[in-house]
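Chemist: predicted model and sequence below, questions to follow.
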Amino acid sequence: MASRTLAVWEHRKVVGLLVRRDLKVKYQQSVLGYAWTMLEPLALTLVYFFVFGLVLNADRGIPPEAKPYGGYTLFLVAGILPWTTFGAILSEAPRAMITHSKLITTMKVPREIFPMATVGTKFVEYLLTWPVLLIFVFALGGRFTWEGILVWLPLAIVLTFMFGLGVTLFLASVNVLFRDVERLTRILTRLLFYGSAILFPASMVLDAERVPDWAKTIYELNPLMGIFQMHRTVWFAGFEQLTPSTLALTSAVVGSILMLVIGYWTFRRLETSVLKEL
Amino acid sequence: MASTYEAAVAGGPVIEAKGLGVKFAVNRRRKRSLREMFIHGKKRDPNAAGNEFWPLRDVSFEVAKGDCVGIVGKNGTGKSTLLKLIAGVLIPDEGKVSVHGKVAPLLELRAGFNDNLTGRENVYLVGSLHGMTEKDIDERFDEIIDFAEIEPKFVDTPIRHYSSGMKVRLGFALISQLEHPIMLVDEVLAVGDKAFKRKSYEAIERMLANERTMVLVSHNEGDLRRFCNRGLYVKNGSLALDSDIDSALAAYNADTKAEIAERKKKEAAKKKRAEGAAKKDESAEDGSTRAEAPKKKDEGKDGGQAA
């Protein structure tokens, strides 16, 4: 384990190269290039703002006092930007090993670096969405404190990518053995999108009378919900309903660590078979 | 012999394989992988015994520094699998292989090239994947392009516009710049046209000159005799002979000849049967002379091959 970690560390430059290559290839042939990382979530936000905000009134879950601080629009942007990244990780995770089969079967490098490169690419793209987020924060008057910037934000980012890496390690190796995983992931992504309270505040579900208590507990146990609440609470400092509860916070931290452990364990466990099948 | 001595001084063999074995499941069922994930050990493996296939089993050998080892054998006997095990891109189910020193696995010349990147970008990418530093590549870049005979105007063109010859030449030019002490080569020597092939051979000889260790899988006897001082003959997934290259090739050729003779015999027998049947039909109308003649000719050829 220790020697393996060292081997990965020694290959960190290769990870960087793969990330750079992926980004280069991805944006090389499009006219707008990097702008797409911003335009895509923006377009999504617009659609959801119209459907959920104006038509379905999902903005009623936002505390009225938060309206002058960005309200539903900032809520959507602050949630959808990290979600686009996370969703992209989920959609590329199953192919993280398969697309590199040529490299994996001909070059001796620690195999973990391929899922790591996939997640790394998404991390860079996530950073590129930041200008959009900041524009919205300042234009709409988001309320943030040092506590949010120094505690919630780093924690949210670390947990997002920790969870993402765990999922990628898991899906990338399992998908080599049964390709059904790819399709299953697509459905699960949809489910997680609604289960992670991206379009409406979690309190809308947690305070709803028609939802049974056990369902609420499950809802709160979803580590992603807590993670995305953290992403948003940075810009909505001081609003109780928009801050993750102790349960959500705990499940976010424990869940992410667990996901990484399970993902890595599965990856190592299946490595021998995966190499034969690639 | 001198090389063996040096290796002993440096601390034993550079490649050491002990009881290597790899298992593939024939008719792999889904169940097995699911179990593989969650249950340790092979006790409850539903694909027990009958459905297993060992492309390679119980292979042990050592390679000393400076040796050039040729692996010979029929198609599908596990030569490439053995090379992949040494390269570490396949994990053995049994036994262990330890390699002391950096390895350049040259299993495929175009490995790692991305069609959407330019020739220059690809050289940097693959070179780094092989462990070259950016400075190394900077220094050798012109040499690589020159060796690969790629016109300067194409260097910054995406390689999807390259011809396949250009791609393999670039691949070879790049790997010939590697300075790893151990090289694993899988049939990649003979690329390009005649002129380029000659250049490649010279490059390989230059690479081998510096006490480097090479393991080569090839069907080309000329290559094998030219570069190798040792030979491993792999037969039906196990090591049949570990000796000098000439004996290994001789054993391989003897087996091949025997096999061809066997096949010829079978074919002849089949033909004889067919002719016998035909003769029966024909004898009713025509004489037997027409059917007799080709049979005799066949027997003559067969005898010659066997000898």
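Modeler: Great, that's in hand.

Chemist: use CA for all of it now, contacts and neighbours both
Modeler: Fine.

Chemist: mind listing what's buried in stretch A:31-48?
Modeler: By 16 or more other Cα atoms under 10 Å in any protein chain shown, the buried positions in stretch A:31-48 come out as A:34, A:36-38, A:41-42, A:44-45, A:48.

Chemist: ok, now stretch B:246-258?
Modeler: B:246-249, B:251-252.

Chemist: equivalent analysis for stretch A:50-68, please.
Modeler: Using 16+ other Cα under 10 Å as the test for burial, stretch A:50-68 gives A:52-53, A:58-59, A:61-62, A:66-67.

Chemist: report pLDDT for A:L224.
Modeler: pLDDT for A:L224: 93.

Chemist: and for it, the neighbour number?
Modeler: 30 (other Cα atoms under 10 Å in any protein chain shown).

Chemist: in helices, which of the buried residues of stretch A:50-68 appear?
Modeler: Using DSSP state H, no member of the buried residues of stretch A:50-68 falls in helices.

Chemist: nearest to A:V174, of those residues?
Modeler: A:F52 (35.6 Å; Cα to Cα).

Chemist: what's the closest non-adjacent residue to that closest one?
Modeler: A:A58 (5.4 Å; Cα to Cα, 6 or more residues apart in numbering or on different chains).

Chemist: and that neighbour, how far is that from A:T189?
Modeler: Look at A:A58 and A:T189: by Cα to Cα, to the nearest Å, they are 21 Å apart.

Chemist: one more: B:H161?
Modeler: With distances taken as Cα to Cα, B:H161 is found 37 Å from A:T189.

Chemist: next: A:N222.
Modeler: For A:N222, the distance to A:T189 - Cα to Cα - is 13 Å.

Chemist: any low-confidence regions in the stretch 51-200 of chain B?
Modeler: In the prediction, the stretch 51-200 of chain B carries residues with pLDDT under 70 at positions B:188-190.

Chemist: which positions in the stretch 151-278 of chain A make contact with chain B?
Modeler: Within reach of chain B by Cα under 8 Å from any Cα of the partner chain, the stretch 151-278 of chain A has these residues: A:177-178, A:266, A:269-270, A:272, A:275-276.

Chemist: go again with 7 Å.
Modeler: A:266, A:269-270, A:272, A:275-276 (Cα under 7 Å from any Cα of the partner chain).

Chemist: mind telling me what element the residue lying closest to B:L174 once chain neighbours are set aside is part of?
Modeler: In this structure, B:L174 finds its nearest non-sequential neighbour in B:I144, 5.8 Å apart by Cα to Cα, 6+ apart. Secondary structure assigned from DSSP states H and E places B:I144 in helix B:134-147.

Chemist: tell me which other helices or strands that helix touches.
Modeler: The criterion is 3 or more Cα pairs under 7 Å, 6 or more residues apart in numbering or on different chains; DSSP states H and E, and the helices and strands that helix B:134-147 contacts are helix B:164-175.

Chemist: ok, back up a step: could you identify the most distant pair in the buried residues of stretch A:50-68?
Modeler: A:F52 and A:A66 (17.8 Å).

Chemist: where in chain A is the helix or strand with the lowest mean pLDDT?
Modeler: helix A:202-206 (a mean of 83; mean pLDDT, DSSP states H and E).

Chemist: how about the residue lying closest to A:L155 once chain neighbours are set aside, what does it touch?
Modeler: Spatial nearest neighbour of A:L155, excluding adjacent residues (Cα to Cα, 6+ apart): A:M230 at 7.8 Å. Residues in contact with A:M230 (Cα atoms under 7 Å, 6 or more residues apart in numbering or on different chains) are A:152-153, A:156, A:243-244.

Chemist: closest to chain B out of these?
Modeler: Here the nearest of the contacts of A:M230 to chain B, counting by Cα to the nearest Cα, is A:A156; it sits at 30.6 Å.

Chemist: run a quick neighbour tally on that closest one.
Modeler: Neighbours of A:A156 (other Cα under 10 Å): 24.

Chemist: identify the residue spatially nearest to the residue sitting nearest the centre point of chain A, adjacent ones excluded.
Modeler: Nearest to the mean C-alpha position of chain A, counting by Cα atoms, centre = their mean, stands A:F86 at 2.5 Å. Spatial nearest neighbour of A:F86, excluding adjacent residues (Cα to Cα, 6+ apart): A:G164 at 6.8 Å.

Chemist: let me know the secondary structure of that neighbour.
Modeler: What DSSP: H, G, I helix; E, B strand; the rest coil gives for A:G164 is helix.

Chemist: just B:F61 next, same as before
Modeler: strand.

Chemist: next one: it from B:S243, what distance?
Modeler: Distance from B:F61 to B:S243, by Cα to Cα: 11 Å.

Chemist: B:K96 now?
Modeler: B:K96 is 21 Å from B:S243, by Cα to Cα.

Chemist: more crowded one of those two?
Modeler: Neighbour totals were compared for B:K96 and B:S243, and B:K96 leads with 18 against 15 (other Cα under 10 Å).

Chemist: and the contacts of the helix or strand that one falls within?
Modeler: Element membership of B:K96, judged by DSSP H and E, is strand B:94-99. With Cα under 7 Å, 6+ apart as the test, strand B:94-99 has contacts from B:14-22, B:86.

Chemist: where do the strands sit along the stretch 1-150 of chain A?
Modeler: Read by DSSP state E, counting those that start in this stretch, the stretch 1-150 of chain A holds no strands at all.

Chemist: and it, which residues reach chain B?
Modeler: So the stretch 1-150 of chain A meets chain B at A:14, A:17, A:25, A:102-108 (Cα under 7 Å from any Cα).

Chemist: by neighbours, which of those wins?
Modeler: Highest neighbour count within the residues of the stretch 1-150 of chain A next to chain B, by other Cα under 10 Å: A:M107, with 25 neighbours.

Chemist: identify the residues contacting A:T105.
Modeler: Counted by Cα under 7 Å, 6+ apart, A:T105 has contacts B:V89.

Chemist: if I look at it, how far off is A:E147?
Modeler: 47 Å.

Chemist: next SSE after the one helix or strand the residue nearest to A:L155 maps to?
Modeler: Secondary structure assigned from DSSP H and E places A:M230 in helix A:223-233. Following helix A:223-233 in sequence order, the next helix or strand is helix A:246-277 (DSSP H and E).

Chemist: give me the average confidence score over that following helix.
Modeler: On average, helix A:246-277 scores 93.

Chemist: now swap in stretch A:80-95 and tell me
Modeler: Averaging pLDDT residue by residue across stretch A:80-95 gives 94.

Chemist: chain center to the one helix or strand B:I86 maps to, what's the gap?
Modeler: Under the criterion of DSSP H and E, B:I86 resides in helix B:79-87. Offset of helix B:79-87 from its chain centre (Cα atoms, centre = their mean, to the nearest Å): 8 Å.
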